[in-house]
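Peer 1: Model the structure of this input:
(chains A and B)
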There are 2 protein chains.
Amino acid sequence: MDLHILDHRLRVTSISKNGLANFTHPLIKLIFLRNRTRCKFFSLTETPENYTVVLDEEGFKELQPSEHLQVEGSIWLPLNVVSNGNASSSSQAVGVTKIAKSVIAPLAEQHVSVFMLSTYQTDFILVREQDLSVVISTLEEEFHMFREVAGESMPVQCQDVSNGLHKNGKEAMLTVHPVLIPQNQFCVMSLDPDTLPSIATTLIDVLFYSSSPKEEAQSNQDLDTINFFSFSLIDGYISLVMDTEAQRRFPADLLFTSSSGELWRMVRIGGQPLGFDECGIVAQISRPLADSDVSAYYISTFSFDHALVPEEDIAGVRDMLHHQRKEQSSS
Amino acid sequence: MDLHILDHRLRVTSISKNGLANFTHPLIKLIFLRNRTRCKFFSLTETPENYTVVLDEEGFKELQPSEHLQVEGSIWLPLNVVSNGNASSSSQAVGVTKIAKSVIAPLAEQHVSVFMLSTYQTDFILVREQDLSVVISTLEEEFHMFREVAGESMPVQCQDVSNGLHKNGKEAMLTVHPVLIPQNQFCVMSLDPDTLPSIATTLIDVLFYSSSPKEEAQSNQDLDTINFFSFSLIDGYISLVMDTEAQRRFPADLLFTSSSGELWRMVRIGGQPLGFDECGIVAQISRPLADSDVSAYYISTFSFDHALVPEEDIAGVRDMLHHQRKEQSSS
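Peer 2: Okay, here's the model as predicted:
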């Protein structure tokens, strides 16, 4: 398999719930006005806590500093696994499950923090730029590695990565985080970028005007259902993750989902905000999913992580997570 | 003819050029999300100086106080003339010309300030609420007057208006203001409100993202052409005034203009910002236009007034204005 280090230098930011109005101007530009920006990597995810915005440096320039904007200090680079011919994999599962053992687990063992961003099209594994040499030395045995520069894929040379390994080799306690399984059903969808204008007012309404202070308070306390909506526009491809209630607000003929039309259930990971330094969070959940060959999307946000698994697998996943937590508390 | 005092209590405000981004959130709500607001009267006009926003109290609530927002102190009420059967008028002219002698001139004589807002559908004459009794006593001989209250038209009773006349009877010097006739050609257009979502991204682009700081500086100094764009959504009707360059950015099949498809030229009135207290500015230009039976739209903004006359009449209007100014300087 090939692993590409993509040519985007990303910032991970968070806009507070009541600060969104201050960022409507740049965000609408980044979402809808492709001709006015050179931003090529943009992702906005609403959760009950805040809005997580991941974007490249061109996009980041558009966000004015503000008390409502938190910025994680690092530059993050997106990695992308390209399975060429599906040679060794017998798995039918999609998403993060496919890369659980080959990427996620080895990086966790090397104590590399990852920020995951699954989309309709693919799964991006974001790693800190400063961890790149560790990442390369960790994964170069398993993958042909390429670095994309100005549209060209350059093979990564071994001499680039000397002395990388074990730089992050500190010992870390593995915390098993509480999880939450809200009741809503999610769809993972896409859209022809040329038809984005047709859903502009609906998308603007959903993104910028739909959470009243009352709703927020509710969803913070009562996570029976969760406010979760994710939009990304990456290298010209649009991906949307929304629950079935939001989906009903969009014209049915424009958004498309995978042929199976699957519905997904969410597992939110974390009782307290997770931060960015802990390693192994994705590995903890993706490893058993891979063992059971359960597909999963995985979306990290500023505060929590979110896995999406097929509706029909949620009971099994719930049992697995319960078991995992019982083991932890008895050990 | 009937004159209706409409059931809108309006504020006249101005957003500074570099402050618009702070108001993108409420303005997009007011323009595109009818279900989220009870605002029924909204008008936004871009000029090289600023953005003039005229809106009712429901809409005004959406605008947060800011150093970038100037608010004229009064409540303004819109008047609307309804010509029932066109009884006495032999004029074929449209717009402010039709009401120049019956409304504009008499109000000017009574020293009542007016703020004009012509749209595709009609012409609104805004007067200060505090001037209403003077307005009624001035116009009640010429018109059947009605006051709209909660959707009902109530005839205005004479006893409502005792002692109104001559309240504003101060003497005023008539200033003849410099005028400017930029080269661009304008269209006055409308749009089915149900198709507004189809032009949302283009309209957002034109309104919120089209003036770079460079363009502004240029257009302030060099008014060979003028940045002027007006959008209004009043009682469910949309009106757009834009130059032919902006028009080309919109899909040709959605915006419609009057059957004649006329192009209009602009006369901007005022060398220095006009303020809101001077009377007779509209009268000064609309009276000779009426004498010549030249159609005209008229749009007041926070800083200047703008008349639009048919392309084929601009030479005659230019001569008339030149003559008017020569008389003034020699008197």
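
Peer 1: From chain B, how far out is residue A:193?
Peer 2: 12 Å (Cβ to the nearest Cβ, to the nearest Å). C-beta: built from backbone N, CA, C; applies to glycine.

Peer 1: gap between that residue and residue A:70?
Peer 2: Remark: distance between residue A:193 and residue A:70 (Cβ to Cβ, to the nearest Å) = 29 Å.

Peer 1: Spatially central, which residue of chain A would that be?
Peer 2: Chain A has residue A:117 as the residue nearest its centroid, 1.9 Å off, counting by Cα atoms, centre = their mean.

Peer 1: contacting residues for it?
Peer 2: A:43, A:54, A:78, A:123-124, A:126, A:232, A:299-300 (Cβ atoms under 8 Å, 6 or more residues apart in numbering or on different chains).

Peer 1: same check, this time on residue A:201
Peer 2: B:32-33, B:196-197, B:200.

Peer 1: Also near chain A: which of those residues, exactly?
Peer 2: B:32-33, B:196-197, B:200 (Cβ under 8 Å from any Cβ of the partner chain).

Peer 1: Identify, from those residues, the entry nearest to residue B:9.
Peer 2: Here the nearest of the ones next to chain A among the contacts of residue A:201 to residue B:9, counting by Cβ to Cβ, is residue B:33; it sits at 21.8 Å.

Peer 1: what about the closest one, how many neighbours?
Peer 2: Applying other Cβ atoms under 10 Å in any protein chain shown, we find 15 residues neighbouring residue B:33.

Peer 1: Distance of it relative to residue A:201?
Peer 2: From residue B:33 over to residue A:201 (counting by Cβ to Cβ), the distance is 7 Å.

Peer 1: How about residue A:298?
Peer 2: 31 Å.

Peer 1: Same check on residue A:177?
Peer 2: Computed with Cβ to Cβ, the distance linking residue A:177 and residue A:201 is 38 Å.

Peer 1: which residues do residue B:33 and residue A:201 both contact?
Peer 2: For the pair residue B:33 and residue A:201, no residue contacts each of them under the criterion Cβ under 8 Å, 6+ apart.

Peer 1: higher neighbour count, residue A:193 and residue A:70?
Peer 2: When residue A:193 is set against residue A:70 and neighbours are counted by other Cβ under 10 Å, the residue ahead is residue A:70, at 15 against 12.

Peer 1: so which helix or strand takes in that one?
Peer 2: Assignment of secondary structure by DSSP states H and E places residue A:70 within strand A:69-71.

Peer 1: Next, count neighbours for the residue nearest to residue A:283 when sequence neighbours are not counted.
Peer 2: Take residue A:283 and drop its neighbours on the chain: the residue closest to it by Cβ to Cβ, 6 or more residues apart in numbering or on different chains is residue A:108, 3.7 Å away. A count of neighbours around residue A:108, defined by other Cβ under 10 Å, yields 23.

Peer 1: Assess the claim that residue A:108 and residue A:286 are in contact.
Peer 2: No: look at residue A:108 against residue A:286 with Cβ atoms under 8 Å: they stay out of range, at 9.3 Å.

Peer 1: Per-residue pLDDT of the residue of the stretch 201-331 of chain A found nearest chain B, please?
Peer 2: Going by Cβ to the nearest Cβ, chain B is nearest to residue A:201 of the stretch 201-331 of chain A, at 4.3 Å. In the predicted model, residue A:201 carries a pLDDT score of 96.

Peer 1: Next up, phi/psi of it, please.
Peer 2: phi -70, psi -40 (degrees, to the nearest 10).

Peer 1: same check, this time on residue A:95
Peer 2: Residue A:95 adopts backbone torsions of phi 80, psi -150, taken as degrees, to the nearest 10.

Peer 1: so how many other residues sit close to it?
Peer 2: Here the number of neighbours of residue A:95 (other Cβ under 10 Å) works out to 24.

Peer 1: and it, bridged to which residues?
Peer 2: Partner residues in beta bridges with residue A:95, using DSSP bridges, are residue A:296.

Peer 1: Show me what residue A:232 is bridged to.
Peer 2: Applying DSSP bridges to residue A:232, the residues it is bridged with are residue A:43, residue A:239.

Peer 1: what's near enough to touch it?
Peer 2: With contacts defined as Cβ under 8 Å, 6+ apart, residue A:232 is in contact with A:42-44, A:117, A:119, A:238-240.

Peer 1: now, which of the residues you listed sits nearest residue A:282?
Peer 2: The shortest distance between residue A:282 and any of the contacts of residue A:232, using Cβ to Cβ, involves residue A:117 and amounts to 11.1 Å.

Peer 1: any idea how far the helix or strand containing the closest one is from the chain center?
Peer 2: If you go by DSSP H and E, residue A:117 is part of strand A:114-118. The offset between the C-alpha centroid of strand A:114-118 and the centroid of the whole chain comes to 4 Å, using Cα atoms, centre = their mean, to the nearest Å.

Peer 1: do stretch A:177-196 as well
Peer 2: Relative to the centre of its chain, stretch A:177-196 is centred 11 Å away, using Cα atoms, centre = their mean.

Peer 1: Please apply the same query to stretch A:42-62.
Peer 2: Going by Cα atoms, centre = their mean, the spacing between the C-alpha centre of stretch A:42-62 and its chain's C-alpha centre is 12 Å.

Peer 1: Export only the CA atoms of it, formatted as PDB.
Peer 2: Listed in PDB are the C-alpha atoms of stretch A:42-62, where the atom choice follows Å, rounded to 0.1, in the frame of the first residue of the first chain:
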ATOM      1  CA  PHE A  42     -11.300  23.100   4.900                       C
ATOM      2  CA  SER A  43     -13.300  21.200   7.400                       C
ATOM      3  CA  LEU A  44     -16.000  22.500   9.900                       C
ATOM      4  CA  THR A  45     -17.600  20.300  12.500                       C
ATOM      5  CA  GLU A  46     -20.300  21.400  14.900                       C
ATOM      6  CA  THR A  47     -20.500  19.600  18.100                       C
ATOM      7  CA  PRO A  48     -22.400  20.600  21.300                       C
ATOM      8  CA  GLU A  49     -19.200  22.000  22.700                       C
ATOM      9  CA  ASN A  50     -17.900  24.200  19.800                       C
ATOM     10  CA  TYR A  51     -17.100  24.400  16.100                       C
ATOM     11  CA  THR A  52     -13.900  22.600  15.100                       C
ATOM     12  CA  VAL A  53     -12.300  24.200  12.000                       C
ATOM     13  CA  VAL A  54      -9.400  22.400  10.400                       C
ATOM     14  CA  LEU A  55      -7.900  24.300   7.500                       C
ATOM     15  CA  ASP A  56      -4.700  25.000   5.600                       C
ATOM     16  CA  GLU A  57      -2.600  28.100   6.100                       C
ATOM     17  CA  GLU A  58      -4.300  30.000   3.200                       C
ATOM     18  CA  GLY A  59      -7.700  29.400   5.000                       C
ATOM     19  CA  PHE A  60      -6.300  30.200   8.400                       C
ATOM     20  CA  LYS A  61      -5.300  33.600   7.300                       C
ATOM     21  CA  GLU A  62      -9.000  34.400   6.900                       C
END
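
Peer 1: Could you tell me which residues make contact with residue A:72?
Peer 2: In this structure, residue A:72 makes contact with A:11-13, A:276, A:302, judged by Cβ under 8 Å, 6+ apart.

Peer 1: 10 Å instead?
Peer 2: Contacts here follow Cβ atoms under 10 Å, 6 or more residues apart in numbering or on different chains; on that basis residue A:72 touches A:10-14, A:52, A:54, A:115, A:128, A:275-276, A:302.

Peer 1: most surrounded residue in the residues you listed?
Peer 2: Neighbours were tallied for each of these (criterion: other Cβ under 10 Å), and the maximum of 29 neighbours falls on residue A:54.

Peer 1: Please name the residues that touch it.
Peer 2: Counting by Cβ under 10 Å, 6+ apart, the residues that residue A:54 touches are A:8, A:10-14, A:41-45, A:60, A:72, A:76, A:78, A:115, A:117, A:124, A:126, A:232, A:234, A:300-302.
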